[in-house]
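# Need coordinates for the below:
(2 chains)
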Amino acid sequence: MDKGLPLVVMYILTHLALIFFMYPTYIVSSTSTGHWLPVLCGYLIHILVLTAYLTGLGYFKNQDIVEILMSNKIAAIFLLLPVTFYLILLAIVTTRAISEIITIVYLSRTPMWVIMCLFLVIAGFMANSGLKSLFRIGILLGILFAPIIFIVLISSFQNIDWRYLFPLVNKEMWSFSFLGNKSFHNGGFAFTGAFVFFGFIPKQIALKRKQILLSSLILLPVFLAAVYVPILTFGEATATQFQFPYITSLDTVESNWMMFDRITIFFLQSLIAFVMLYIGLVLWEAITILHRTVIKVKQNYILTALILFVFVVCLQITDWADVEKLFYWNTLLRTYIIIVLPAALLLLGIYRKRKFGQQKG
Amino acid sequence: MAILLLLPGCWDNKDINHRSLPIIMGVSMENNRYNVYLDIPTIAAEEGGMKVVKGTGSTISETIDDLSADIESQVDLLHLKIIVVDKKYAQKGLKDSIYTFMRSRDISAKTILIVSDEDLDTFFKNVNDFSQDEETTLYNYFQKNAGWNPQITDTRVWQVFRSINSYTHDVVAPLVRTGGTTPVDILGSAVLKNGKMVDEISTEETLLINAFNGISAQGKIEVMNKATVQITSSSISHKASLRNGVPSLSSKFKLRVTVLDTKGDPSVTEIKNEVQTLLCKRVEKFFAKVQKDRADVLGLGQLFRTKLSRSELAHWREDYYPRMQLNFSVHTDIQNLGNLRTTE
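Modelled structure (predicted):
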């Protein structure tokens, strides 16, 4: 098996987990026409950040991000602390949001805490078993569920009316007013929520920049479909009214051959697996940073404490408006992550290369 | 870990025999209070059949709650297939109810909406008399893979919801009446403009809408003076243009037909001409009617999305649609004459 494959699978699955729920909501409400522009902008930022991050990492063979930064301990703690905050906040928001979606689509009578508890315990189990197991789980889940996602994605085009695509281009679009829109920034989580894990890859697994960047091309049509299927099915004016536009447009799909009446449930079941994987990965990253920088106790203890903390915070969020607020805070942290982290790595890498070059010369 | 297995899914579970799963829901309005009817298949082993319960309340959900409290099992709308509203209520405007259905976590967005020409008490009584032991008669009637015909509109709750919010797209819903020798008599369609019934159209006109929307008019038999033909396939192409703020549309309707009956001895050209004039006349009449209602049931505004800006589209129904010109032409191919020869 190609050594880079688990990485690519993980990269795609974690992004799939993020694309279909909140992302369409935010992009649809970020502008009234030409939604492809915000999608494309977000995607370009994603590629830019990813390239910088991977190039930066490429300067340091056989070292992961914690090792690289730990050469100066205080700087490392300052640099990695926001990353940890960011990851924990991601875990909180994702857990809370997904349990909300589950209660909306099915399990409407099940209390939220049960769902969140289930999520965190399973994700915690994954995180506990380490990165390699996470990769193996990823491949298994990919084989099991990616075909279902693919089929559902195709059948979601059933009720679309291509004419809703227009107007594709108009004048006001080029003012890039969506860049100032809060929704657009909130939607950015789908692009930047999962790239940090490339920094934690152990030496045995080859980090192939080209392969990863190429595989991100698979995601572009999915990003576009998640936004455009609801718009083409309902029209822009209607799509803005939905809490989860893509999920609602799936609800309109008719299929006689399916044993379930609504393919939404099928789809959600598959995505939930990916979301669990994603939360597991995020938790694993957080405890790895904490374990190797500040807290020198057993990883299990940190994990248990972290899960309890996330759970308690999730319980405190009773209102969907609070989730939105957290999303916004997360955006601020995210801005830091996508600018400072890749930039720091790049600069450090270039500095190191120069030093080595001088030493050789 | 093992305890966790107890948690998912089975929370607060209720066995299926303690649930009522209505298939049809009826909604009407009287003195600003909702009457809600639920048609529930009974699952007793011996005698099947349906049971209709009725409740009144100030909102739909309140009424369903009350009903649920009054009957011995819990009402679960997860399998609701059809929502019937009575004509009077449809004329008042369905907006609130449609929003309730869309917001609801239980009711599927693809529930079929139909309008009843008679009051719902009679409707449910007749439907039940007819489908004594077959619970899904009415449901099958509207199913594309069962009893559906191209003269019947297939309108879902989400489509009505879309039309309430859309600038350029209205819908029609089947208008039915019960009693007689078939489960329902289809009278045509109710024209719903922004969720409010403004007019009704005949079954032939409904067929035109379906053909317009690309749902092939296959199977429909046209009765004319000289011949009966069956449409085997149809396609339509449009050319939209906008001059001085007056939209105009040239539509070309292509038909492939099979000749079924003839009266006398008409030639192929005569049959073709007859089909063409008949359809053109029908379209003109129909279009004039919906244009007067300002209800864009054909979704013609969609074709002008490239020509008008969004702010202009927002006034489509008021400013542009009533002035629109439609040039409709029909092109017929007689694909199959059957076993008998027809003169040229």
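# Pull the distance from stretch B:271-282 to the chain's centre.
Remark: stretch B:271-282 is offset 25 Å from the chain centroid, using Cα atoms, centre = their mean, to the nearest Å.
# what does it contact?
B:204-205, B:208, B:222, B:224-227, B:229, B:253, B:255, B:257, B:259, B:262, B:266, B:328-332, B:334, B:342 (Cβ atoms under 8 Å, 6 or more residues apart in numbering or on different chains). Just so you know, the C-beta spots here come from the backbone N, C-alpha and C atoms, and that holds for glycine as well.
# Mind listing what's buried along it?
B:271, B:272, B:274, B:275, B:276, B:278, B:279, B:282 (16 or more other Cβ atoms under 10 Å in any protein chain shown).
# Reformat those residues as CSV; add secondary structure.
Listed next are the buried residues of stretch B:271-282 as CSV, based on DSSP: H, G, I helix; E, B strand; the rest coil:
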residue, secondary structure
B:271, helix
B:272, helix
B:274, helix
B:275, helix
B:276, helix
B:278, helix
B:279, helix
B:282, helix
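# Would you mind giving the residues you listed as JSON lines with pLDDT and distance to residue A:87 added?
Listed next are the buried residues of stretch B:271-282 as JSON lines, based on pLDDT from 0 to 100; distance: Cβ to Cβ, whole Å:
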{"residue": "B:271", "pLDDT": "81", "distance to residue A:87": "74"}
{"residue": "B:272", "pLDDT": "83", "distance to residue A:87": "71"}
{"residue": "B:274", "pLDDT": "83", "distance to residue A:87": "73"}
{"residue": "B:275", "pLDDT": "83", "distance to residue A:87": "68"}
{"residue": "B:276", "pLDDT": "85", "distance to residue A:87": "69"}
{"residue": "B:278", "pLDDT": "84", "distance to residue A:87": "69"}
{"residue": "B:279", "pLDDT": "84", "distance to residue A:87": "65"}
{"residue": "B:282", "pLDDT": "85", "distance to residue A:87": "65"}
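# quick check, nearest of these to chain A?
residue B:279 (23.6 Å; Cβ to the nearest Cβ).
# on contacts alone, who are the packing partners of the helix or strand that contains residue A:78?
Secondary structure assignment for residue A:78, by DSSP states H and E: helix A:73-105. With contacts taken as 3 or more Cβ pairs under 8 Å, 6 or more residues apart in numbering or on different chains; DSSP states H and E, helix A:73-105 sits against helix A:65-69, helix A:112-128, helix A:245-251, helix A:263-293, helix A:299-316, helix A:320-360.
# Which other helices and strands does the fifth one contact?
Counting contacts by 3+ Cβ pairs under 8 Å, 6+ apart, the secondary-structure elements packed against helix A:299-316 are helix A:73-105, helix A:112-128, helix A:263-293.
# go again using 10 Å as the cut-off
helix A:73-105, helix A:112-128, helix A:263-293, helix A:320-360 (3 or more Cβ pairs under 10 Å, 6 or more residues apart in numbering or on different chains; DSSP states H and E).
# average pLDDT across that helix?
Summarised as a single mean, pLDDT over helix A:299-316 is 89.
# quick check, distance from it to the centre of its chain.
With Cα atoms, centre = their mean, you get 20 Å for helix A:299-316.
# Show me the helices in the stretch 151-300 of chain A, by range?
If DSSP state H, counting those that start in this stretch is used as the criterion, the helices of the stretch 151-300 of chain A fall at A:182-187, A:189-192, A:209-234, A:236-239, A:245-251, A:263-293, A:299-316.
# rewinding a little: comparing the helices and strands packed on helix A:73-105, which comes out most buried?
helix A:245-251 (a mean of 26; mean count of other Cβ atoms under 10 Å in any protein chain shown).
# Let me see the mean pLDDT of it.
88.
# which other helices and strands contact it?
helix A:22-30, helix A:73-105, helix A:130-155, helix A:209-234, helix A:236-239, helix A:263-293, helix B:157-165.
# Any chance of those helices in CSV with distance to residue B:304 as columns?
Output for the helices and strands packed on helix A:245-251, formatted as CSV (distance: least, Cβ to Cβ, whole Å):
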stretch, distance to residue B:304
helix A:22-30, 22
helix A:73-105, 36
helix A:130-155, 29
helix A:209-234, 17
helix A:236-239, 15
helix A:263-293, 33
helix B:157-165, 17
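# Please dump these into TSV; it should also carry mean pLDDT and distance to residue A:169 for every row.
Formatted as TSV, the helices and strands packed on helix A:245-251 follow (pLDDT from 0 to 100; distance: least, Cβ to Cβ, whole Å):
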stretch	mean pLDDT	distance to residue A:169
helix A:22-30	89	17
helix A:73-105	86	33
helix A:130-155	90	26
helix A:209-234	90	15
helix A:236-239	85	15
helix A:263-293	88	32
helix B:157-165	89	23
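# List just the one of those helices that sits closest to residue B:313.
Nearest to residue B:313 among these is helix A:236-239 (9.5 Å), distances taken as Cβ to Cβ.
# Pull the closest one out as PDB, backbone CA atoms only.
Provided in PDB are the C-alpha atoms of helix A:236-239 (Å, rounded to 0.1, in the frame of the first residue of the first chain):
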ATOM      1  CA  GLU A 236     -31.600  31.400  -3.200                       C
ATOM      2  CA  ALA A 237     -34.500  33.200  -1.400                       C
ATOM      3  CA  THR A 238     -35.800  29.900   0.000                       C
ATOM      4  CA  ALA A 239     -32.400  28.300   0.700                       C
END
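# Show me how far it is from its chain's centre.
With Cα atoms, centre = their mean, you get 25 Å for helix A:236-239.
# Neighbours of residue 62, how many?
In the absence of a named chain, chain A is used. 8 (other Cβ atoms under 10 Å in any protein chain shown).
# You answered for a different chain; I wanted chain B.
Neighbour count of residue B:62, defined by other Cβ under 10 Å: 14.
# Could you pull out the buried residues of the one helix or strand it maps to?
Assigned by DSSP H and E, residue B:62 belongs to helix B:60-70. Going by neighbour count (16+ other Cβ under 10 Å), the buried part of helix B:60-70 is B:60, B:63, B:64, B:67, B:68.
# for the residues you listed, which one is nearest chain A?
Among those, and counting by Cβ to the nearest Cβ, the member closest to chain A is residue B:68, at 13.0 Å.
# pLDDT wise, what is the closest one at?
81.
# Can you tell me the closest non-neighbouring residue to it?
Nearest residue to residue B:68 in three dimensions, chain neighbours excluded: residue B:75, at 4.1 Å (Cβ to Cβ, 6 or more residues apart in numbering or on different chains).
# next one: phi and psi at that neighbour?
phi -80, psi 130 (degrees, to the nearest 10).
# what about the strands in chain B?
With DSSP state E, the ranges of strands along chain B come out as B:19-20, B:24-30, B:33-41, B:50-57, B:74-75, B:82-86, B:112-116, B:171-178, B:184-193, B:196-201, B:221-223, B:227-243, B:246-262, B:325-336.
# Can you give the contact residues for the fifth one?
In this structure, residues lying in contact with strand B:74-75 by Cβ atoms under 10 Å, 6 or more residues apart in numbering or on different chains are B:14, B:18-22, B:25, B:38, B:40, B:53, B:55, B:64-69, B:106.
# In its sheet, which strands sit next to that strand, and in what direction?
Using DSSP bridges, the strands paired with strand B:74-75 are strand B:19-20 (parallel).
# how far is the strand it pairs with from where the chain is centred?
Worked out by Cα atoms, centre = their mean, strand B:19-20 lies 28 Å from the chain centre.
# Ok, stretch A:242-260 next?
For stretch A:242-260 - counting by Cα atoms, centre = their mean - the centre lies 23 Å from the chain centre.
# One more: stretch A:189-206?
With Cα atoms, centre = their mean, you get 11 Å for stretch A:189-206.
# before we move on, what about stretch A:275-283?
10 Å.
# is any part of that stretch close to chain B?
No: Stretch A:275-283 stays clear of chain B (Cβ under 10 Å from any Cβ of the partner chain), getting no nearer than 12.2 Å.
# can I have that stretch written out in CSV, keeping just the CAs?
The C-alpha coordinates for stretch A:275-283 follow below in CSV (Å, rounded to 0.1, in the frame of the first residue of the first chain):
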residue,chain,number,x,y,z
VAL,A,275,-17.5,13.4,12.3
MET,A,276,-16.5,11.0,15.1
LEU,A,277,-13.2,10.3,13.4
TYR,A,278,-12.7,14.1,13.1
ILE,A,279,-13.4,14.7,16.7
GLY,A,280,-11.1,11.8,17.6
LEU,A,281,-8.4,13.4,15.5
VAL,A,282,-8.9,16.8,17.0
LEU,A,283,-8.8,15.4,20.6
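# Many thanks, have a good one.
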